[in-house]
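Engineer: A structural model of the following input is requested.
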Amino acid sequence: MSTSAIAVSGLRKAYGDKIVLDGIDLDVPAGTVFSLLGPNGAGKTTTVNVLTTLTKADGGTARVAGHDVATEGKEVRSVIGVTGQFAAVDDLLTGEENLRLMADLHHLRAGESKRVVASLLERFDLAESAQKLASTYSGGMRRKLDLAMTLVTRPQIIFLDEPTTGLDPRSRRTMWHIVRELVADGVTVFLTTQYLEEADQLADRIAVLDVGRLVAEGTPDELKRLVPGSYVRLRFSQVAALDAAARVLPGATRDDQELTLQAPSDGSSRSLRTLLNRLDEHMIDADEVSVQTPDLDDVFLALTGHASTEAIAQ
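Structural biologist: Below is the predicted model:
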């Protein structure tokens with residue numbers, strides 16, 4: 001496989017008069033987590049459907065593991081795994097039976113099937129629940145079983161389409177841990193999500209999709225640097241110290257109730273040292289010092305003109 005696990009150029013898709021994908025370009029390096037970030041209706045699931053051969057694009061090209069999704073669908077499907085926001089498990093089967101069924105569908109030999117199923121049950125902490133019906137599983141367990149079923153064939157590339165939607169925070173973090181383990185094993189993960197924290201925690205690179213168009217792409221830190229607004233927050237225990245610091249830092253914003261100052265900064269260590277040196281010159285000590293930088297929600301708002309779905313729901 002080339003260094004690009006997924007390469008997309010000018011991808012377009014429309015349903016009637018509604019343009020869902022408006023000429024997007026993507027390049028996903030192998031062995032990384034790439035996150036497509038956007039609100040509901042942005043075109044994330046359509047992108048996944050095209051890349052996994054479930055939907056045909058109207059224009060542009062897309063290659064997955066070096067295979068053209070339009071003309072080499074079978075080859076693409078042989079190297080990918082797909083897990084959506086709704087776990088595709090059979091409630092009438094036990095966890096182990098679900099995994100065995102997937103192994104049978106892919107024609108694994110009996111010995112290999114038994115070994116793979118046992119390994120996945122252990123890896124996903126499902127061994128104790130292996131003989132229970134999937135209908136009795138919690139949402140987090142069902143999602144883990146769904147991902148385990150995807151891994152039966154050891155895919156090179158895994159598409160996770162909003163895999164933690166509806167999960168509680170603990171289950172979500174468990175899924176994050178599993179994703180990190182997959183990447184450590186060399187798997188490429190294409191993650192779509194509307195959760196800003198999820199993209200920030202997991203992704204090596206993020207593309208922001210809004211109404212079918214890519215409005216930005218980069219590492220989480222690169223995207224955050226697109227938005228001004230970093231500042232150093234200083235908290236004092238005495239009003240006298242706050243007054244003295246406010247005189248030394250005339251551009252800072254003070255909060256008398258909290259006994260804090262917010263001083264503009266570019267977020268760099270050099271800027272922070274300069275500020276603290278000015279305080280030291282005047283024998284002023286702050287009880288707490290913290291650097292506050294824009295988060296992905298600030299980035300999303302600046303790029304799209306509206307808050308993320310996650311922020312709207314809160």
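
Engineer: In this protein, where is pLDDT below threshold?
Structural biologist: Segments of the chain classed as low confidence (criterion: pLDDT under 70) are 1-2, 85-87, 305-314.

Engineer: Do a quick rundown of the helices in it.
Structural biologist: Secondary structure of the chain (DSSP state H): helices at 44-51, 73-77, 95-105, 110-123, 139-150, 169-184, 196-202, 220-224, 239-248, 269-281, 296-304, 309-313.

Engineer: Tell me which of those helices sits nearest to residue 130.
Structural biologist: helix 95-105 (4.1 Å; Cβ to Cβ). Using the backbone N, CA and C atoms, a C-beta is placed for each residue, glycine as well.

Engineer: about what we covered before: columns distance to residue 258 and mean neighbour count on top of the helices of the chain, output as TSV?
Structural biologist: Output for the helices of the chain, formatted as TSV (distance: least, Cβ to Cβ, whole Å; neighbours: other Cβ atoms under 10 Å):
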stretch	distance to residue 258	mean neighbour count
helix 44-51	39	23
helix 73-77	55	16
helix 95-105	51	20
helix 110-123	47	15
helix 139-150	38	22
helix 169-184	28	15
helix 196-202	25	21
helix 220-224	25	18
helix 239-248	10	16
helix 269-281	18	13
helix 296-304	21	20
helix 309-313	24	14
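
Engineer: want to try CSV for those, with distance to residue 129 as columns?
Structural biologist: As requested, the helices of the chain are exported to CSV (distance: least, Cβ to Cβ, whole Å):
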stretch, distance to residue 129
helix 44-51, 29
helix 73-77, 29
helix 95-105, 6
helix 110-123, 8
helix 139-150, 7
helix 169-184, 14
helix 196-202, 25
helix 220-224, 35
helix 239-248, 56
helix 269-281, 48
helix 296-304, 35
helix 309-313, 30
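
Engineer: Quick check: which of those helices is nearest to residue 211?
Structural biologist: Going by Cβ to Cβ, the one of the helices of the chain nearest residue 211 is helix 296-304, 8.3 Å.

Engineer: Any idea how far that closest one is from the middle of the chain?
Structural biologist: Distance of helix 296-304 from its chain centroid, counting by Cα atoms, centre = their mean, to the nearest Å, is 15 Å.

Engineer: swap in stretch 203-217?
Structural biologist: Its chain's C-alpha centre and that of stretch 203-217 lie 11 Å apart, by Cα atoms, centre = their mean.

Engineer: buried set for that stretch?
Structural biologist: Of the residues in stretch 203-217, 203, 205-210, 212-217 count as buried by neighbour count, 16 or more other Cβ atoms under 10 Å.

Engineer: among those, which two are most distant?
Structural biologist: Farthest apart among these by Cβ to Cβ are 203 and 212. That separation is 20.5 Å.

Engineer: which residues sit in contact with the nearest residue in space to residue 90 that is not next to it in sequence?
Structural biologist: Counting by Cβ to Cβ, 6 or more residues apart in numbering, residue 90 lies nearest to residue 98, which is 5.7 Å off, once chain neighbours are set aside. Contacts for residue 98 were tallied using Cβ atoms under 8 Å, 6 or more residues apart in numbering; they are 89-90, 134, 145, 149.

Engineer: If we use 6 Å, what do you get?
Structural biologist: 89-90, 134 (Cβ atoms under 6 Å, 6 or more residues apart in numbering).

Engineer: How much space separates residue 234 from residue 105?
Structural biologist: Using Cβ to Cβ, to the nearest Å, residue 234 is found at 61 Å from residue 105.

Engineer: repeat for residue 224
Structural biologist: From residue 224 over to residue 105 the distance is 43 Å, taken as Cβ to Cβ.

Engineer: Residue 32 too?
Structural biologist: 29 Å.

Engineer: And for residue 124?
Structural biologist: Relative to residue 105, residue 124 is positioned 19 Å away (Cβ to Cβ).

Engineer: What of residue 237?
Structural biologist: Separation of residue 237 from residue 105 (Cβ to Cβ): 66 Å.

Engineer: Next: residue 236.
Structural biologist: Relative to residue 105, and taking Cβ to Cβ, residue 236 is found at 65 Å.

Engineer: what's the answer for residue 285, then?
Structural biologist: Applying Cβ to Cβ, the value for residue 285 to residue 105 is 67 Å.
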